[in-house]
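A.B. asks: everything below, folded, please.
(chains A and B)
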Protein chains: 2
Amino acid sequence: MVNQKQNLASYLALTGGVGGAKLAVGLYHLLNDKVSFAVNTGDDFELYGLHISPDIDTLMYTLADKCHAQQGWGRADETWSFMHSLQELGEQTWFQLGDKDLATHLLRTCNLKNGQTLSEVTAHLCTALGIQAPIYPMSDQSVRTQVQTPGGEWLDFQHYFVAEQCAPVVTGFRFIGADKATLSPGLYQSLQQQLAAIFICPSNPFVSVDPILSIDDMHARLKQQSAPVIAVTPIIGGQAIKGPTAKMMVELSMPTDAVTVARYYAECIDGFILDEQDEYLAPEIEALGIQVTCAQTIMQSFEDKVSLAQNCLNFADRLNQWKRSA
Amino acid sequence: MVNQKQNLASYLALTGGVGGAKLAVGLYHLLNDKVSFAVNTGDDFELYGLHISPDIDTLMYTLADKCHAQQGWGRADETWSFMHSLQELGEQTWFQLGDKDLATHLLRTCNLKNGQTLSEVTAHLCTALGIQAPIYPMSDQSVRTQVQTPGGEWLDFQHYFVAEQCAPVVTGFRFIGADKATLSPGLYQSLQQQLAAIFICPSNPFVSVDPILSIDDMHARLKQQSAPVIAVTPIIGGQAIKGPTAKMMVELSMPTDAVTVARYYAECIDGFILDEQDEYLAPEIEALGIQVTCAQTIMQSFEDKVSLAQNCLNFADRLNQWKRSA
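C.D. replies: Numbers count the residues shown, from 1 in each chain, chains lettered A, B, ... in the order given. Prediction:
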């Protein structure tokens, strides 16, 4: 049963990973159940038979205020007895499975096995965690991100991201199953209603946002939306706050700046939020036909997150007014 | 791959539950890899998709010196973060799944799903835990113990034992799947070789030992053994040290004494070890054609366990001599 609150949501945010979850905190604080989140599941994988959805978990734990504050993923006050025992039994432990976190994985796996969809399982977990905003996996079907290395080898995303700590050079990406996957019912329905805005959170464009855009004509659906689509830069002063976005851009021979990200999204966005320290790049982005606003996009405190979210809403208002007057 | 050490084992012990595991400690100390254990799996069940084998785990943890000393099952220094999180997610937590214990359940479940047999999974876990003696599940097929209540209802064993804390009156037992199950390869092979003795540990006759005896003509196979079969009393002074054995005997309208247990096993045992405080019952048991010896069967200390095990070996020697001279 998909959370019935979806009809209340008038904002939609596409997200994946830690950076996206930070902005989500701000949006959730300001909008409560008026915002829904569509989450990348290209990172999902199976470990010891458990279905693990890292980006959904990061968002859920973050919104439920149960996330480990310093690392930005996993549970606060986590314990590791399971992991140590598994190691004792001679098993690989490259992916950290905390004792608390395990409850989520096991319940998800069990309910999927009992025939629930990932959307249903996620809605159930969100309800149990007291989260008011709907969280939709991008799809209920399996989509698996892989990264290509210079030798042509394809690595599973978690292998690249966790086991190899993003060390390998990447030359490309693919999303196994994306050609057959359809949008989750919640995401599909939220795109059918009159939205006030769609935000692309400051997540990795290649491995957090692209998987979402790659399924079921999502890219085209965004283009067709009457609501403004606004991306928040994941690149500030030529660097990513966290994660391999900038490293990937170098390896893909892309200039490491916010303009490149804006250009990457150009066909489906109306607005771009640039960090204030990159204000000088605004004209270049505007030249692509994209409206730009500048804001403090580094989110350290709760106030930073709410402030950036408020800037997103204000920008959406301006774009809506501008669209109406156009 | 079944542990190759089976060929070294010249003693076999049938066991299930905490009482059996105590004697197993003594036998293992004296015999190391010269004893193999056939374990009740009628208690096995599935919880959240995990395959749980309580009696195998109790024996493994006990022999590996990783068992919780006071409770006699589960892991020492266990933590409960998983359970608390599962509870937080609104789930039932009638069966205690410790964080360390979970590693065993998850690895077992995963390897079973990958096509290993329960014997193979158990051998792998034993190796990882450094246990030298082979531990065989009684069968690689599913056998599920149920207890009947006066209303005629059948309760799954773990429901009766854990959720209901053995409160319901029992009127009977059945072992679902026992008619089709075959002995595990290790147990089967150990019965083919020349054993020095077979011990029936002081486990619950109805729900720990009977499931083993109920499959694949095991009862008849014991009768046919040339090695002496020796049962150790689970009833001392009319009471069970732990667990519902005495309570069940009352409910089944059986006299609550060691003679009743000896009579219960009469067709397949050659010897019976009676507690020294019940010595006066020896003639009654001998009248059944069963050899009797008395020993201190209450096992509190490590020394108690080794001492009783030594008494078992000595009694086996005497019975073997007696058989040879007969």
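
A.B. asks: looking at chain A, which helix or strand is least sure?
C.D. replies: strand A:239-240 (a mean of 89; mean pLDDT, DSSP states H and E).

A.B. asks: the most centrally placed residue in chain A: what's it in contact with?
C.D. replies: By CA atoms, centre = their mean, chain A has its centre lying nearest to A:Gly16, at 1.7 Å. Going by CB atoms under 8 Å, 6 or more residues apart in numbering or on different chains, A:Gly16 touches A:39-40, A:42-43, A:55, A:201, A:203-204, A:207-209, A:211-212. Heads up, the C-betas are built off the backbone N, CA and C, glycines and all.

A.B. asks: now whichever strand or helix holds A:Tyr264: average pLDDT?
C.D. replies: Using DSSP states H and E, the element containing A:Tyr264 is helix A:258-265. For helix A:258-265, mean pLDDT rounds to 97.

A.B. asks: right, and the helix or strand after that helix?
C.D. replies: Next in line after helix A:258-265, if elements are assigned by DSSP H and E, sits strand A:271-275.

A.B. asks: contacts for the following helix or strand past that next one, please.
C.D. replies: Downstream of strand A:271-275, the next assigned helix or strand under DSSP H and E is helix A:282-286. With CB under 8 Å, 6+ apart as the contact definition, helix A:282-286 has outside contacts at A:258-259, A:262, A:272, A:274, A:292, A:294.

A.B. asks: list the buried ones in the biggest helix by length in chain A?
C.D. replies: Across chain A, the longest stretch assigned as helix under DSSP state H is helix A:302-325. Going by neighbour count (16 or more other CB atoms under 10 Å in any protein chain shown), the buried part of helix A:302-325 is A:304-309, A:311-313, A:315-316, A:319-320.

A.B. asks: what of stretch A:279-289?
C.D. replies: For stretch A:279-289, the neighbour count (16+ other CB under 10 Å) marks A:281-282, A:284-285 as buried.

A.B. asks: now, which of the residues you listed sits nearest A:Asp217?
C.D. replies: The closest of the buried residues of stretch A:279-289 to A:Asp217 turns out to be A:Ile285 (CB to CB; 25.3 Å).

A.B. asks: the residue of the stretch 151-300 of chain A found nearest chain B: what secondary structure?
C.D. replies: Distances between the stretch 151-300 of chain A and chain B by CB to the nearest CB are smallest at A:Gln158, namely 16.7 Å. Classification of A:Gln158 using DSSP: H, G, I helix; E, B strand; the rest coil returns helix.

A.B. asks: hmm, it is touching A:Pro54, no?
C.D. replies: Yes. In this structure A:Gln158 lies within contact range of A:Pro54 using CB atoms under 8 Å: 7.4 Å.

A.B. asks: what parts of the stretch 101-250 of chain A come near chain B?
C.D. replies: A:101-104, A:106-107, A:109-110, A:113, A:125, A:128-129 (CB under 8 Å from any CB of the partner chain).

A.B. asks: which stretches of the stretch 101-250 of chain A form helices?
C.D. replies: For the stretch 101-250 of chain A, applying DSSP state H, counting those that start in this stretch gives helices covering A:118-128, A:157-158, A:185-192, A:210-213, A:218-224, A:245-251.

A.B. asks: for the second one, what is the distance to the chain centroid?
C.D. replies: Taking CA atoms, centre = their mean, to the nearest Å, one finds helix A:157-158 lying 15 Å from the centre of the chain it belongs to.

A.B. asks: contact partners of that helix?
C.D. replies: A:42-43, A:45, A:54, A:95, A:144-147, A:207.

A.B. asks: what about 10 Å?
C.D. replies: A:42-47, A:52, A:54, A:94-95, A:144-147, A:164, A:173, A:175, A:207, A:211 (CB atoms under 10 Å, 6 or more residues apart in numbering or on different chains).

A.B. asks: buried stuff in the helix or strand where A:Val18 lies?
C.D. replies: Using DSSP H and E, A:Val18 maps to helix A:17-31. If you call a residue buried by 16+ other CB under 10 Å, then helix A:17-31 has these buried ones: A:17-28, A:30-31.

A.B. asks: next: stretch A:127-138.
C.D. replies: Result for stretch A:127-138 [16+ other CB under 10 Å]: buried residues A:128-129, A:131-138.

A.B. asks: got the contact list for the closest residue to A:Thr293 other than its chain neighbours?
C.D. replies: Once flanking residues are discounted, A:Thr293 sits nearest to A:Phe315: 4.7 Å by CB to CB, 6 or more residues apart in numbering or on different chains. Residues near A:Phe315 by CB under 10 Å, 6+ apart: A:197, A:199, A:228, A:230, A:232, A:270-273, A:291-295.

A.B. asks: same question, A:Pro234
C.D. replies: A:Pro234 touches A:17, A:19-20, A:200-205, A:208-209, A:240-243, A:245-246, A:258, A:261, A:275, A:297, counting by CB under 10 Å, 6+ apart.

A.B. asks: just A:Val143 next, same as before
C.D. replies: A:40-44, A:137, A:175-181, A:211-212, A:214-215.

A.B. asks: try it again at 7 Å.
C.D. replies: A:41-42, A:175-178, A:181, A:211, A:215 (CB atoms under 7 Å, 6 or more residues apart in numbering or on different chains).

A.B. asks: inside strands: which ones of those?
C.D. replies: A:175-176 (DSSP state E).

A.B. asks: surely A:Ser36 is within a helix?
C.D. replies: No. Looking at A:Ser36 with three-state DSSP, it is strand, so not inside a helix.

A.B. asks: number of nearby residues for it?
C.D. replies: Per other CB atoms under 10 Å in any protein chain shown, the neighbour tally for A:Ser36 reads 26.

A.B. asks: mind checking which of the contacts of A:Gly16 are buried?
C.D. replies: Among those, those buried by neighbour count (16+ other CB under 10 Å) are A:39-40, A:42-43, A:55, A:201, A:203-204, A:207-209, A:211-212.
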